[in-house]
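K.L.:
I would like the atomic coordinates for the input below:
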Amino acid sequence: MSRGPDVTDRRRRKAPVRRHGRTRRITPRTHWLLLSVLAVTLSTALLLQGYTHHMFGITSDDVTGARGRSDAVPARVTHGGPVIADASSAAHTVRVKDRTIALTFDDGPDPVWTPRILDVLRRNHVHATFFVVGSEVVDHPDLVRRMVADGHQIGIHTFTHPDLSRLAPWQRSLELRETELAVAGAAGVTTALLRPPYSSSNAALDDADWSVLKQADQAGYVTVLSTQDAEDWQRPGTARILANATPHGHAGQILLMHDGGGDRSQTVAALNTLIPRLKARGFRFATAGAAVGMAGPVQSAGLGDHLQGMALIALLRTGDWAVRLLGVLMYAAGAISVLRAAVLLVAARRHRRLRTGRRGRSWGPQVTEPVSVIVPAYNESAGIEAAVRSLIASDHPVEVIVVDDGSTDGTAGLVESLRLPGVRVIRQENAGKPAALNTGLAAASCELVVMVDGDTVFEPGTVRTLVQPLADPRVGAVSGNAKVVNRRGLLGRWQHIEYVVGFNLDRRLFDLAECMPTVPGAVGAFRRRALLALGGVSDVTLAEDTDLTMALCRDGWRVVYEEGAVAWTEAPASLNALWRQRYRWCYGTLQAMWKHRGALVQRGAAGKLGRRGLGYLLLFQVLLPLLAPVVDIFAVYGLVFLDPLRVAGLWLAFVLLQLGMGLYAFRLDGERPGPLWSLPLQQFVYRQLMYLVVIQSVFTAVSGSRLRWQRMERYGSLPSAPVAPSPPPARY
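P.N.:
This next block holds a predicted model:
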């Protein structure tokens, strides 16, 4: 392995220290409106898709079930013709003319069987009536257009093929209206013909069926029943279908057959024989409307209906496409999550063995030289005393430099009043955290520098443990182990889990892969000469710690993780404060990734950062969170319309996977697993908040806006005296 950078053979770059200048603070609002519209559109499309494809379904037209009372059905209807008009007022029926056959086909259009039936009809110069299902029209609008172009008649067979008598009135209206719009959008026509699913002859009507016919009449529909059923839905064989479809005598018939709903090969074969046979017997074929002398039941659709129908078809097709895509994404996300979990766990175990096992190695001679600790502070009076006292209590020689960045709450005066030995206070006008760090860096007298936030408390051995990896001349920076001190309440527990499971497992992986992207501002050690060679801490991004770490990697330095260097930090105690903190972190990380994108094509340490570190961040911290809300929507879709047990099982498996990772990570960090009981609840609030943070950050970055450095509200929850050392991590 090559040695790390050496100041004697490296070109010194003394860039001017940047100062915090004015920035535009623009909060893009229109993207939330856009996202809301997209979410509502997607949800609506999925709702319609689920309703049309999974609430009901085309089954056989078996009507042998128990028939209800028929007291409300007029006798003239029960014993009348198959075409029923004015059902809601003075109902009357019409019979088919003698020696006339009206071929009718239900449940289509079907992409396989409908074209074959149309071919048979065209060869025999016969026109028929197709009672179409709206959901099938949406899927195959070209077939409806062909029906109309070939001179066939279109009728409505509802949108999802439900038993209308079992639906509420509003659902019946929806079924009819949506089918009408689908036909209008597909073929530019409207129809007054209706055949309810599961209907047969007039004599089979009961009171529930009659209520359906009356409501349909009020909507402008004429009901077309059948007088002869080929029973082809049972697939009894071609000969049986022919026998069922052949009329006895010369009376006209409305013949019920099917072009959809299953395998209709027997129907096609029977038609090839039936039509010539009946023609030879003197029967003529006509549409249902023509067979009873009805004038123009099918008309050109108005512009409004045609446009609405086209929109409906587009929306439902979008839903179909979305369901297929989301299904793929859901399984892909699941597979990637499992792969990530496996990689993290294997990396964590290997990291532990390399650091503490028998095969572990020392970084070199023990580091005993003094360390300069820089504490940038802006309005940190709530916790600065605890932070400074913990640093002075270190079992390693330190000088503490508190840089007061224009505080207005007396932070500098408070530290000065403590009169602690080895503590210096430097006051400056408010210029931002990077400027405060650069001021402390210029004032530092030691080669080894530790940077710590003003809301962080160190354990007595933290500084000593943190700087030991710097015994290796290739190491330029060390990331410590930040822990949440205010863990009470759900929000505190969730952040505690995230720090232990998310951040620390990732850092172990980054350490092994030699592509550490971030040394956290709460606890990190650096070589002063490496920082000065970079020109100090840059203020170009909001994530100055990530920017600085990536710059060190690109400069050839190795950055490592020391899990034993524990620091206790305050976490946000409200959702609003958490949002502001994570928004800044995420946006700053995106800025740093873009700034250092050149690492993707570099070699050496820079290439490892680019192809490993940046690739990992892009996949798991940007792309997956952007897709996650859509996957959640699909999960809700699955619970409502698909198999809820299967969806719930997948969610439970995901939670168990997270729990397993949590237990292992907590054991590695020497933490009690008690807070993990809140992990399932984290999936419903915290997880979604983090996704929204990523979305907001991406839109802010794309819009070209800039954010100011935002200070988190302090709560004074840090211990007033140095905390006891945390229990030693478990060894494996």
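K.L.:
can you map out the helices along the stretch 601-732 of the chain?
P.N.:
604-608, 615-618, 624-641, 644-668, 679-682, 686-703 (DSSP state H, counting those that start in this stretch).
K.L.:
of all these, which lies closest to residue 123?
P.N.:
helix 624-641 (41.2 Å; C-beta to C-beta). For glycine as for every other residue, the C-beta is placed from the backbone atoms N, C-alpha and C.
K.L.:
buried ones in that closest one?
P.N.:
624-625, 628-635, 637-638, 641 (16 or more other C-beta atoms under 10 Å).
K.L.:
just to revisit the earlier point, dump the helices of the stretch 601-732 of the chain to CSV, plus distance to residue 255.
P.N.:
Shown next, in CSV, are these (distance: least, C-beta to C-beta, whole Å):
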stretch, distance to residue 255
helix 604-608, 74
helix 615-618, 63
helix 624-641, 36
helix 644-668, 42
helix 679-682, 59
helix 686-703, 56
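K.L.:
which helices and strands does the longest strand along the chain pack with?
P.N.:
In the chain, taking DSSP state E as the definition, the longest strand is strand 558-569. Contact partners of strand 558-569 among helices and strands, from 3 or more C-beta pairs under 8 Å, 6 or more residues apart in numbering; DSSP states H and E: strand 456-458, helix 462-467, strand 475-484, helix 504-513, helix 544-554.
K.L.:
any stretches of the stretch 551-700 of the chain with poor pLDDT?
P.N.:
Of all residues in the stretch 551-700 of the chain, none has pLDDT under 70.
K.L.:
let me know the pLDDT of the residue nearest to residue 437 when sequence neighbours are not counted.
P.N.:
Nearest residue to residue 437 in three dimensions, chain neighbours excluded: residue 537, at 4.5 Å (C-beta to C-beta, 6 or more residues apart in numbering). pLDDT, residue 537: 95.
K.L.:
same question, residue 727
P.N.:
Taking residue 727 on its own, its pLDDT is 45.
K.L.:
over to residue 266?
P.N.:
96.
K.L.:
name the residues of the host helix or strand of it that come out as buried.
P.N.:
Element membership of residue 266 [criterion: DSSP states H and E] is helix 265-280. Within helix 265-280, the residues scored as buried using 16+ other C-beta under 10 Å are 266, 267, 268, 269, 270, 271, 272, 274, 275, 278.
K.L.:
adding distance to residue 680, write those residues out as CSV.
P.N.:
Formatted as CSV, those follow (distance: C-beta to C-beta, whole Å):
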residue, distance to residue 680
266, 53
267, 52
268, 54
269, 57
270, 58
271, 58
272, 61
274, 62
275, 64
278, 67
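K.L.:
and these, which is closest to residue 161?
P.N.:
residue 267 (17.5 Å).
K.L.:
which pair in the buried residues of helix 265-280 spans the largest distance?
P.N.:
Most distant of the buried residues of helix 265-280, by C-beta to C-beta, are 266 and 278, 17.6 Å apart.
K.L.:
got the phi/psi numbers for residue 91?
P.N.:
phi -60, psi 140 (degrees, to the nearest 10).
K.L.:
revised request: answer the last question for residue 286.
P.N.:
The phi/psi pair for residue 286 (degrees, to the nearest 10) is phi -150, psi 160.
K.L.:
what about it, neighbour count?
P.N.:
22 (other C-beta atoms under 10 Å).
K.L.:
any idea how far it is from residue 153?
P.N.:
To residue 153, residue 286 is 9 Å away according to C-beta to C-beta, to the nearest Å.
K.L.:
contacts for stretch 414-430?
P.N.:
20, 377-378, 381, 384-385, 388-389, 392, 398-406, 412, 435-436, 439-440, 443 (C-beta atoms under 8 Å, 6 or more residues apart in numbering).
K.L.:
how about low-confidence regions in this protein?
P.N.:
In the chain, residues with pLDDT under 70: 1-32, 54-67, 356-361, 703-732.
K.L.:
quick one: contacts for residue 465?
P.N.:
562, 564, 565.
K.L.:
top of these by neighbour count?
P.N.:
Top of those by neighbour count (other C-beta under 10 Å): residue 565, with 26 neighbours.
K.L.:
just checking, that one touches residue 462?
P.N.:
Yes: with contact defined as C-beta atoms under 8 Å, residue 565 reaches residue 462; the gap is 5.0 Å.
K.L.:
shared neighbours of the two, anything?
P.N.:
480, 523.
K.L.:
ok, whatever helix or strand comes next after the helix holding residue 266: who's next to it in the sheet?
P.N.:
Later in the chain than helix 265-280, the nearest helix or strand by DSSP H and E is strand 284-285. Strand 284-285 pairs in its sheet with strand 100-108 (parallel), by DSSP bridges.
K.L.:
now do the helix holding residue 266 and strand 100-108, the angle between them.
P.N.:
170 degrees (axes from the mean of the first three to the mean of the last three C-alpha atoms, to 10 degrees).
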